[in-house]
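# Sequence plus predicted model, see below.
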Amino acid sequence: MSKDKVVHALGAVVACFVLVMLVTPSIPQPQKYHDFADKRTFFGIPHALNVISNLPLLIIGLVGLTLCHHQNYYFNFRLQGEIWGWTCFYFGVAASGLGSAYYHLNPNDARLAWDRWPMAVTFASLVATLITERIDEKKGIISIAPLNIGAISAVVFFDDIRLYGMFQFASCIAIPLMAYLLPPTYTHSSFWLLASGFYPLAMVQESTDRVIYMLTQHIVSGHTLKHLSAAMVPVITTFMLAKRRPLHAKSV
């Protein structure tokens, strides 16, 4: 499929989400969301497993940020715009680890924004990076700032979970769609699709928090597993960046 057709398809997806936003009422954050199944305290840490399970996100985020700026020594980049996009992505990942841990120490509405805006940044940055890599570097670079500003604003300035949900679901559709339909510029492009599968899995685990907690005999909850599945996304993309090679000679 041509780049123009993919862009039009993505535009249609965005238009559908905007239409849904226009015809449905705003939805404030339900308070029952903060009532997680696993409330156990270990080593003086409340909700310990939901807090500690964010450590992989923090670690891989910091590792990725470091490796992004050892130009083409560990990671393979063709374009300067990719470095900027991946830097924003790994910043979002590291911030997600810290923000989610902070939220789970005392789950409430005020702290929830610190959990969600970094995740919104990771979604937005991946979309911008794919635009840079598969469509056009200039368009990708231009998209980084507005996508990230829009993502953060949707979480911080509006008491409407539809906006955050839009970024989640639109990203879950756009990223694998672009990775599958647009011609790759690197080897190991299948890693994009593998990584894309883990976040929907994380969302399922989040929605079955109590069910998983009961099925595992109170060993681990769905929300704890959600954090670990979400961390697999940057783990896989990190391996991809280290292993892939350009299909063309142009480089940064």
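In hand now; what should we look at?
# Going by C-alpha atoms from here, please, whenever you check contacts or count neighbours.
Noted.
# So residue 126 sits against residue 89, correct?
Yes - applying Cα atoms under 8 Å, one finds residue 126 in contact with residue 89, separated by 6.4 Å.
# got the buried residues for stretch 232-243?
By neighbour count on 16 or more other Cα atoms under 10 Å, the buried set for stretch 232-243 is 232-238, 240-241.
# any idea of the mean pLDDT in stretch 66-75?
In this model, stretch 66-75 has an average pLDDT of 81.
# next one: stretch 218-228
On average, stretch 218-228 scores 97.
# what about that stretch, distance to the chain center?
Taking Cα atoms, centre = their mean, to the nearest Å, the mean C-alpha location of stretch 218-228 is offset from the chain mean by 18 Å.
# hmm, who's touching it?
36-38, 49-50, 53-54, 56-57, 201-214 (Cα atoms under 8 Å, 6 or more residues apart in numbering).
# Residue 126 and residue 89: who's more crowded?
residue 89 (29 against 21; other Cα atoms under 10 Å).
# My read is that that one contacts residue 125, right?
Yes - with contacts counted by Cα under 8 Å, residue 89 reaches residue 125, the gap being 5.1 Å.
# if we can go back for a sec, got CSV for the buried residues of stretch 232-243, with pLDDT too?
Shown next, in CSV, are the buried residues of stretch 232-243 (pLDDT from 0 to 100):
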residue, pLDDT
232, 97
233, 96
234, 96
235, 97
236, 96
237, 96
238, 95
240, 95
241, 94
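# Sort out which of these are in strands and list them.
Within those, no residue falls in strands by DSSP state E.
# Narrow these to those in helices?
When DSSP state H defines the helices, the subset of the buried residues of stretch 232-243 inside them is 232-238, 240-241.
# Need these in CSV (columns: distance to residue 179).
Shown next, in CSV, are those (distance: Cα to Cα, whole Å):
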residue, distance to residue 179
232, 17
233, 14
234, 16
235, 17
236, 14
237, 13
238, 16
240, 13
241, 14
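# of the residues you listed, closest to residue 167?
Among these, residue 233 lies closest to residue 167 (Cα to Cα), at 16.3 Å.
# The closest one: what's it in contact with?
Residues in contact with residue 233 (Cα under 8 Å, 6+ apart) are 195-196, 198-199.
# May I see the residues you listed organised as CSV, with distance to residue 150 added?
Shown next, in CSV, are these (distance: Cα to Cα, whole Å):
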residue, distance to residue 150
195, 24
196, 22
198, 24
199, 21
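# Select, from those, the two members most distant in space.
Of all pairs in those, the most separated under Cα to Cα is 195 and 199 at 7.6 Å.
# the more surrounded of these two?
More crowded of residue 195 and residue 199, by other Cα under 10 Å: residue 195, with 22 against 19.
# Sketch out the low-pLDDT regions of the stretch 51-200 of the chain for me.
71-72 (pLDDT under 70).
# name the element the nearest residue to residue 200 once chain neighbours are set aside belongs to?
Using Cα to Cα, 6 or more residues apart in numbering and skipping the chain neighbours, the partner closest in space to residue 200 is residue 172 (7.3 Å). Assigned by DSSP states H and E, residue 172 belongs to helix 161-181.
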